[in-house]
Structures are given as structure tokens and as C-alpha cells.
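S.K.: what follows is a predicted protein model with its sequence.
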There are 2 protein chains.
Amino acid sequence: MCYIGEMLKKQLPLLFNTLANMNFSSITIKDIATALNLSVSTVSKALRDSYEISENTKKLVTGYAQEHNYRPNPIAQSLKQGRSKSIGIVVSTIENQFFSQVINGIESVAYENGFNVIITQTHESYELEVKNVGHLTHRSIDGLLISLSTETKDIAHLKTLHKQGLPIVFFDRVTDEIDTHKVIADNFKGGYDATCHLLDSGYKRIAHITSPANISITKERFAGYSKALEEAGIAIDDDYIKYCPHGGRDIGEVENALNELLSLKNKPDAIFTTSDRITTTTLMLLNRLKIKIPQEIALIGYTNTTLADVLNPSLSSVYQPGFEMGQKATQKLLELILAKRPVYEFETLVLPTQLVTRDSTARQ
Amino acid sequence: MCYIGEMLKKQLPLLFNTLANMNFSSITIKDIATALNLSVSTVSKALRDSYEISENTKKLVTGYAQEHNYRPNPIAQSLKQGRSKSIGIVVSTIENQFFSQVINGIESVAYENGFNVIITQTHESYELEVKNVGHLTHRSIDGLLISLSTETKDIAHLKTLHKQGLPIVFFDRVTDEIDTHKVIADNFKGGYDATCHLLDSGYKRIAHITSPANISITKERFAGYSKALEEAGIAIDDDYIKYCPHGGRDIGEVENALNELLSLKNKPDAIFTTSDRITTTTLMLLNRLKIKIPQEIALIGYTNTTLADVLNPSLSSVYQPGFEMGQKATQKLLELILAKRPVYEFETLVLPTQLVTRDSTARQ
DNA sequence: TATTTCTACGCAAACGTTATCGAAGAATTT
DNA sequence: AAATTCTTCGATAACGTTTGCGTAGAAATA
């Protein structure tokens, strides 16, 4: 029909390319081919340094490519090769500094290996987790890094993918039901150390506000807490254990837990909290209630905020190596992705936590 | 060659699909076509509800598709349509709560409209900014949301893309040199309000620790600071203005700024800081130096940390509507992306900041 | 010189879509 | 009954790559 239009299109491919379909990846292999009077396959092979191509034409092609800033279209490559060179991440929320540190670790390793990352957030919702995982896999990720949401009890959505062969590495909140690499902090020791520290500082009625019991970190940290109490000859009091259904996502659930603790006949003299949000929210609520820390109640908790030092009072905390966790998890995932043959040997890396004692647990 | 292998491949496409090329997007249009004895084009049109297809076959196809959980391969769609339904984000670091709040706003709007996001971080490095923008555009993003790094002075890398027609929306740290939509906080008013508050509280020697002068937010906030002082009849003292080259990325630069202020003959009695990192680092350093806040020096700063209330002392701050900024910026970007014809009318949205006064600026 | 092996390149198919066009048969109009 | 229009579908090309295979000519061997 529009002959002149077609003519122009042939002569000015670049112009029309940018104006028409908004694709900014400059020139294509085809452009190079026509410019150098070669076939696309020759150009492709030259760029990939194939033995089939002479040194002369290789130089010709790579020269022209560099000059015109050629970069292969990753979408086309993904389609052809069936892999996208990108990995999916599922965390509860990046507003949590622990997770943003993990993500920084992930990125550092991923970028180094030519992979890019796609970050999704569950906001502690099972439904969103399923949805995100679905989105990610349909965007053709090569592998998945996931920390389960607090709501997640059924992991069928992940089992299916795992069976289909999608490389998955769990970090932080893991599951026993899938056999693959996992990277976690030493949650048992974190809970144990925190509780021991409280005991050593003279506290005896130690409460525990934590995430739902179904997620791994809750159980592991609780186990450490229990062990420390047991060693000190103190019985576990169920009244002292409070669970926040959403891991502290809502202030209300922490408020309820705290109120229940404060209305006990035998009020706790110390609280050990897990999860960043629960910890900082508890601190805020205690301050709001004008309850002196640590004089009336001591507080120690898991948190990765860089502000622990400058909180009121400065907050004793269990710090997790988030950045390192991200790095390690990504390394293990890349091992799976790049493996020539199926991997059947999996390991669980346990990274040390760090107890930092500050004013909120000062000895009375 | 391997006839039996080929036979199997035809009969068990799904199995081989998953085992061979690791693509998990279940079945393809072709699978549906062969299963229903239709052509691929018919199936494609049926799925897209084309008028060319009878209701009968439409039902047949969509039924089969649902049953077998068909989902179009987004990679193939991207390649075909020249757009990827994804938008790129460039921020300094997601560890900064302000930016993670912005990102949450971005995601909320993007997902609602079927777009996914790719987040990249500059860590305040110009080099990384250029690199990230390059990566993003070559991954065929449909649009870009960017807050410039503190190091960025030359924006040639963005000008080129903008000229080529890539939809770009700036937020937070913007530039005059590119005419497009921008979403910023009312930085002038933020600086003005903060300074007025200090003046009202009786402080007179007000220092200012801020980001490099080349980025927009620095200038705007400084203008507000200046205006407030001017109205109060106080001359601007250059000795009181300190710039942190990396916006507080390194403790050292904040430490230098603070030391210089503290060694002045006429020490400031209050400090107004910009940027989350500078603010919290200043607080930490003052505490470390055992300088009483606000008795010796008052402190107010830009920060979006949810912990301002519970810092020691609780921190007066200028809060920016991060989530809303992300939402607005994404809405404007989607307008550009989805526009039928080129857009030439651009606007700059200015969102109100919120001054929250707390103990760190209490009246003396 | 006649045959074989290299060397260096092009053809064509494929990845999963979408879109243009042509066409067979049915339904409608003249 | 003949001509036209609808309806419904399929063949084909295209997006930008990669790759197996075929092959022309040069080089090496017999």
C-alpha cells in the first residue's frame, strides 16, 4: 500500500524503530548484517566468537557492533534460549531493613554474574505470595529466592515449581517440606543468647513476643529461648509467650500482646521480641505507656535497624547478617541454575547472629 | 536422527518442555491448537476475543486454556509487541525508608495496571546510575522512574533516551534540563517550616548539613532555610552550611561536617539536616559526643524513618509522603506510556511535607 | 589431475506470540 | 439462480536471536 512509507522504513530503520515501537535497543543483528553485506547468522556467530567465522569478518563485525553500540536484545535471547538471566525474589517487605540488606547482598552477587533481579513483596500475605510466585514464574525467571510470608502454611505452589525443576533457594524463613539449598541465621543461638543475656542481667520473668508459630524462624528462636530458660531452671510459662499473627505488620497485634503481658498478675520483667517490626513497635508502645526500660521492663529483640544505637533507650538486639545471607543464597541459587546436571545434594547454611547489648537490658 | 526421541517429544510436549529448557509457563498456544485441531492463529484470536472467531470455538479455546492453566508467555509478547509491560526504577538505595516507601507506592499502581517493576540502586554513584539506566533500557522497559544520584551532574545519558521517546518521570531529585513530568515534595516549604520552627523555639544560630548542592532537593531545601532566616532578619553564614558529597552515605562525611561546625567560635545552637542518612547519622554522632539535644544543640531533619518517635531524643522531622509520591509518579508515567500520541504538556506535582515537632527541638 | 578435507559462510527453522491477508463456505441480496 | 456480503478460519510473516546443516570454493591429499 504505502510504498513510500515502506521505502523510508527500509532506508531509515533506526529512525522508524525508535519512533514506531518504542524499542530503544539501538541496532539489531540484522542491521549489522545488511550494513556489512553479511547474513544474520554470520553476524550472530561472529559476535559469539564462533570457530566457523574467519578472524577478518569477526573483526569487521565486532568493530561495527562496538562503533554502533550494539547490544543483544535480552528479550529475544530469553525467548530463544528459554532462560531469562533474571532471578525472582520474594520477601515480606523491603521497608524492613533486614530484607533490604538481604536484597543488597543478592544484587551484589547477581549483577556480578550477569543476572538481574525482580523483587516482589508479600506484605505477609499468603495470597500475595502465591500471586507473586505466579507472576515471577510466568515472567520466566531462572530461579527463585524466597522467604516465606508469616501466613504461609501450605507450600503447594512452591512444591509444584520445585518438582518441575525450578531452582529455588530459601532464606530466612524456610520450610522442611522442600529439599533444596537454604540459608538461615542461627536463630536458635540468637534466641538462646538473647535469653541468656537477660538471665545474666538478673531478669527472671522473661516474656516472648514473636511471629506466628508456623514459620521456621519463630520455632527456632523459641527453641533457643526455651533452652536458656530450661538451663536456668525456669519453667516455660505459656502466658509469657505471645504470637503476632502478621509478625507485627499491624500495631494492633503487638499492642494486644503487650497489654496481655502487662495485665498478668505476675508481670514480666523483660521481653524478648523477634522480628524487626515487633521489636520496634514494642519499644514504641512501652515508651508511649511511660514504662521505664529497663527499670520496669527490659527489652531485647531481633532487629537490623542501623538506629539501634540511637533509640531511646539504646536497644540491645540480635543482629542478623542480612547482606551476607543474600550473597550466600544467591551463590547457592546460581550453582543450581548453572549446574550442568540435576543437583541432588543440598545444604543448609547457618550464619552466625550477633548479640549487641545496650541500655535496654542494663543490669538492675 | 533420534526418531523415538522426536516421537516422544511430540507426544509429551509438556514433560520435555520442563525438562529440556526449564520454561515453566505450562502450555503454549501451539499446544492448545494441536489439542483442539485448530491453527495457532485461531487460538490466539480466540484468546484475545477477536470478532473473527465464533462464540463456539472461543468457548472451546478459553475452556481448554483455563483447564490447563494456560498463561501467555510474556517474553514472547514483549518481543512481538515491542513493549515489556515493565517499568524501571532508579533510586539511591532501598535501605533508605523514604525510597522503600516510594517503591511501595510505585508497585501499588504498577501492579494494578498489569505492569511489573525492576528496581535498581545507584548507591549515590553516577557511574552506577549510568550503568543501571543502560541495563534497564536494554531490558526493554516501557518507562523509567528515576531519582538522580547525588553525584549526578551530567544527564546526557537520560537526555538521549528522552529524545528517543522513552517515557521518563522524575521524582524526588529532579532536573530542569529535561522537560517531562516530575513529582517532588514541597522541599522549599519543608526547609522553611523546619527553620521557622527552630526560630520560633528560640534558636538563632542555625546550621545546615545537607547533600551536594547540585541536586534539586538540596537547592530547594536551602532556599526555604534561607528564606526563613531572612524573614527573621538573620544573615546567612556560610560557615553554617555544610555539604556531604554523598548525601551521608559515609559516616565520615557527616562527621567532618559536624566537627567543623563544633569547632566554630560561634557554635550553632541548632542544626537542620536534609536526607535520612545525614539526619540519623548526625543524631548518632551528637549522642556519641555526649552533646545534649536540644539543650546544647537542637536537631531537626528530613527523615521518613518510622522510628523518629522512639529515637533518643525523639526527633523533630520533616516527613515526606513517600508512598504517595511513588503512586503519583507511576500514574504520570503510565499516562505517558499509554498515550496514543506524543505528549508535550508536562506538569510538576508538588506534594506537601509534614513537619512533626518532637523533643529534639524543644524550646529552651 | 581427481578426490577428499577444510574453511567460511548462508539458509532455514525455531522460541511463542500477534497481525495481515486470503479464502472457503454459508448467508444474504439482487 | 446469480452475485454479493458475512462469517470463520488458516497460512504466513514478523519480532531478534541462535543453531544445525548444507555448500561453494580453497586447500590438501592421493
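M.R.: That came through fine.
S.K.: got phi/psi on residue A:329?
M.R.: Recorded main-chain torsions at residue A:329 are phi -60, psi -40, according to degrees, to the nearest 10.
S.K.: that one contacts residue A:168, correct?
M.R.: No. With the criterion set as Cβ atoms under 8 Å, residue A:329 and residue A:168 do not qualify as a contacting pair; they are 10.4 Å apart. For the C-beta atoms, the positions are set from N, CA and C on the backbone; glycine is no exception.
S.K.: who touches both of the two?
M.R.: Counting by Cβ atoms under 8 Å, 6 or more residues apart in numbering or on different chains, the shared contacts of residue A:329 and residue A:168 are residue A:145.
S.K.: more crowded one of these two?
M.R.: Set side by side, residue A:329 and residue A:168 show more neighbours around residue A:329, with 28 against 21, by other Cβ atoms under 10 Å in any protein chain shown.
S.K.: check contacts around that one.
M.R.: A:102, A:105-106, A:145, A:169-171, A:181, A:183.
S.K.: what separation do you get for it and residue A:322?
M.R.: When Cβ to Cβ, to the nearest Å is applied, the distance between residue A:329 and residue A:322 equals 11 Å.
S.K.: thinking again about what came up before, kindly reformat the contacts of residue A:329 as a markdown table containing pLDDT, distance to residue B:138 and secondary structure.
M.R.: Putting these into a markdown table (pLDDT from 0 to 100; distance: Cβ to Cβ, whole Å; DSSP: H, G, I helix; E, B strand; the rest coil) gives the following:
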| residue | pLDDT | distance to residue B:138 | secondary structure |
| --- | --- | --- | --- |
| A:102 | 98 | 26 | helix |
| A:105 | 97 | 24 | helix |
| A:106 | 98 | 21 | helix |
| A:145 | 98 | 23 | strand |
| A:169 | 98 | 27 | strand |
| A:170 | 98 | 31 | strand |
| A:171 | 98 | 29 | strand |
| A:181 | 98 | 30 | coil |
| A:183 | 98 | 30 | strand |
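S.K.: now the residue nearest the centre of chain A. Nearest residue, chain neighbours left out?
M.R.: Nearest to the centroid of the C-alpha atoms of chain A, with distances taken as Cα atoms, centre = their mean, sits residue A:91, at 4.8 Å. Nearest in space to residue A:91, with sequence neighbours left out and distances taken as Cβ to Cβ, 6 or more residues apart in numbering or on different chains, is residue A:99 at 4.3 Å.
S.K.: touching, the one you found and residue A:105? I think so.
M.R.: No. Shown here, residue A:99 and residue A:105 do not form a contact pair, counting by Cβ under 8 Å, at 10.4 Å.
S.K.: any common contacting residues for those two?
M.R.: Residues touching both residue A:99 and residue A:105 (Cβ under 8 Å, 6+ apart): residue A:322.
S.K.: for those two, indicate the residue with more neighbours.
M.R.: Per other Cβ under 10 Å, whichever of residue A:99 and residue A:105 has more neighbours is residue A:99, with 27 against 23.
S.K.: from residue A:172, how far out is the more buried one?
M.R.: If you measure residue A:99 against residue A:172 using Cβ to Cβ, the figure is 8 Å.
S.K.: between those two, which contacts overlap?
M.R.: Counting by Cβ under 8 Å, 6+ apart, the residues touching both residue A:99 and residue A:172 are residue A:147.
S.K.: how far off centre is stretch A:310-330?
M.R.: On the basis of Cα atoms, centre = their mean, to the nearest Å, stretch A:310-330 sits 14 Å off its chain's mean C-alpha point.
S.K.: can you check stretch A:71-79 too?
M.R.: Averaged C-alpha coordinates place stretch A:71-79 at 26 Å from its chain's average position (Cα atoms, centre = their mean).
S.K.: for residue A:219, list the residues it contacts.
M.R.: For residue A:219, the contacting residues are residue A:213, by Cβ under 8 Å, 6+ apart.
S.K.: what strand or helix carries the residue nearest to residue A:157 when sequence neighbours are not counted?
M.R.: Sequence neighbours aside, residue A:130 is the residue nearest to residue A:157 in space, at 4.9 Å (criterion: Cβ to Cβ, 6+ apart). In this structure, residue A:130 sits in helix A:126-138 according to DSSP states H and E.
S.K.: okay then, goodbye and thanks.
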